[in-house]
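Novice: Take this sequence and fold it.
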Amino acid sequence: HVQLVESGGGLVQPGGSLRLSCAASGIDISAYCMTWFRQAPGKEREGVAAIEADGITRYDASVEGRFTISKDNAKNTAYLRMNSLKSEDTALYFCATGSSVAELNYWGQGTQVTVS
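Specialist: Residues are numbered from 1 along each chain as shown. Just a heads-up that it's a prediction; the model follows:
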């Protein structure tokens, strides 16, 4: 049974920072692509960042230079470090995993990030 559990969200002032965590169980994340998505009220879900099994990272243009995705294979956990947060970053943040960004089979329940 694969499970992804996000944590680390909260309320932060503009310009502040947060680090989200995505703890995985039931899979070995070293072999998978780990991704972060977000969905703001009234908006569609959008991809934020991804880290491939080989460590290659990709970011949406809206967060590049401010957010950093990483993973600790020994802890089976992925992270999203968010700096210089803006009000438009307010959303429910999800992690997801699969063999590639195009094939994400497992999703977490999300953690709320509010920038205000």
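Novice: so the closest residue to residue 77 other than its chain neighbours bridges to which residues?
Specialist: In this structure, residue 77 finds its nearest non-sequential neighbour in residue 23, 5.0 Å apart by CB to CB, 6 or more residues apart in numbering. (Glycine included, C-beta is placed from N, CA and C.) Beta bridges link residue 23 to residue 5, residue 77, judged by DSSP bridges.
Novice: and residue 23, what does it touch?
Specialist: Applying CB atoms under 8 Å, 6 or more residues apart in numbering to residue 23 gives the contacts 4-5, 7, 75-77.
Novice: from those, which single one is nearest residue 41?
Specialist: The shortest approach to residue 41 among the contacts of residue 23 belongs to residue 7, at 21.1 Å (CB to CB).
Novice: what's around the closest residue to the closest one other than its chain neighbours, how many residues?
Specialist: Nearest residue to residue 7 in three dimensions, chain neighbours excluded: residue 21, at 5.0 Å (CB to CB, 6+ apart). Counted by other CB atoms under 10 Å, the residues lying close to residue 21 total 17.
Novice: Need the pLDDT of residue 21.
Specialist: The model reports residue 21 with a pLDDT of 98.
Novice: Isn't it up against residue 6?
Specialist: Yes - counting by CB atoms under 8 Å, residue 21 does reach residue 6; the two are 6.9 Å apart.
Novice: Need the residue in the chain that's farthest from the chain's center.
Specialist: residue 1 (20.6 Å; CA atoms, centre = their mean).
Novice: show me the contacts for that residue.
Specialist: Residues in contact with residue 1 (CB under 8 Å, 6+ apart) are 25-26.
Novice: hmm, back to that, the contacts of residue 23, buried ones only, as a ChimeraX selection?
Specialist: Buried members of these, defined by 16 or more other CB atoms under 10 Å, are picked up in ChimeraX with:
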select :4,76,77
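Novice: Next, format the contacts of residue 23 as a markdown table and append pLDDT.
Specialist: Shown next, in a markdown table, are these (pLDDT from 0 to 100):
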| residue | pLDDT |
| --- | --- |
| 4 | 98 |
| 5 | 98 |
| 7 | 98 |
| 75 | 98 |
| 76 | 97 |
| 77 | 98 |
